[in-house]
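Undergrad: Here is a sequence together with a model predicted from it:
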Amino acid sequence: MDLFSAEKKHFNLPNAELLYIENFYNATNAEYYFDILKKTVNWQQDDITLFGKTYKQPRLTSLYANNSKPYSYSNITMQPTIFTSELQQIKSDIEQEVEHQFTSVLLNLYRNGNDSNGWHADNEKALGKNPVIASLSFGETRPFHFKHRHIKDERHKINLNHGSLLLMRGEMQHYWLHQIAKTKKTIGERINLTFRTIL
């Protein structure tokens, strides 16, 4: 199955609108943003409770916004920090490309192959009926796996490269799950920014 069309890669999928731009930022700009975000973001590692047991979340996270609205997921409530000038510039660049306004960004720092994000959907009520999620990647390439909740054969993956942008919208968060899986390979750090609108 050919998932892609031309230049901006549109995925041909049921119940989803998915767009991938491999070189949203060139290598120079991507490296600049990776370095500055790694150094200046207020990274934290929250506890997460699964089946009655509490673990450290297998990645570092941070929330920034242009307001004071918190964001809750997986029994974690994050309080935002006001956008830095760099995050504001990135937000503006993405908004110009996708013609959608965002209020917040959830950042993830994957330190190595042991850091991951299990199967989930970004379907919290605070994100609205059909959330628009813009996912920007800097650093190590990691495969993004996604599968349909009801159609068994609809399982795919795409490598999210340094400087790439993935846009998810439409009904995708209702019908699809996605993950960044662990790997035993020796790999470097990856920073992922997921811009969203918190109502």
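TA: Yep, it's here. Predicted model, so just to flag it, every value in this text is computed and none were measured.
Undergrad: Which of the helices and strands in the chain ranks last by mean pLDDT?
TA: For the chain, counting by mean pLDDT, DSSP states H and E, strand 47-50 ranks last in confidence among helices and strands (a mean of 82).
Undergrad: so what secondary structure elements neighbour it?
TA: strand 53-56 (3 or more Cβ pairs under 8 Å, 6 or more residues apart in numbering; DSSP states H and E). C-beta coordinates here come from the backbone N, C-alpha and C atoms, glycine included.
Undergrad: Helices along the protein, start to end?
TA: In the chain, the helices defined using DSSP state H lie at 27-40, 85-98, 172-175.
Undergrad: Deepest-packed of these, please.
TA: helix 172-175 (a mean of 21; mean count of other Cβ atoms under 10 Å).
Undergrad: And the contacts of that helix?
TA: Helix 172-175 has contacts (Cβ atoms under 8 Å, 6 or more residues apart in numbering) with 14-18, 121-123, 127, 130-131, 133, 148-150.
Undergrad: And stretch 144-152, by the same measure?
TA: 13-15, 119, 135, 154-160, 166, 175-181.
Undergrad: Which members of those residues are classed as buried?
TA: When the contacts of stretch 144-152 are checked for burial by 16 or more other Cβ atoms under 10 Å, the buried set is 13, 15, 135, 154, 156, 158, 160, 166, 175-180.
Undergrad: Out of those, list just those in strands.
TA: Among the buried ones among the contacts of stretch 144-152, the residues falling in strands (DSSP state E) are 135, 156, 158, 160, 166, 176, 177, 178, 179, 180.
Undergrad: hang on, isn't the third one packed against residue 137?
TA: No. Contact criterion Cβ atoms under 8 Å: residue 158 and residue 137 do not qualify, at 10.7 Å.
Undergrad: Quickly note the distance from residue 150 to residue 85.
TA: According to Cβ to Cβ, to the nearest Å, residue 150 and residue 85 sit 43 Å apart.
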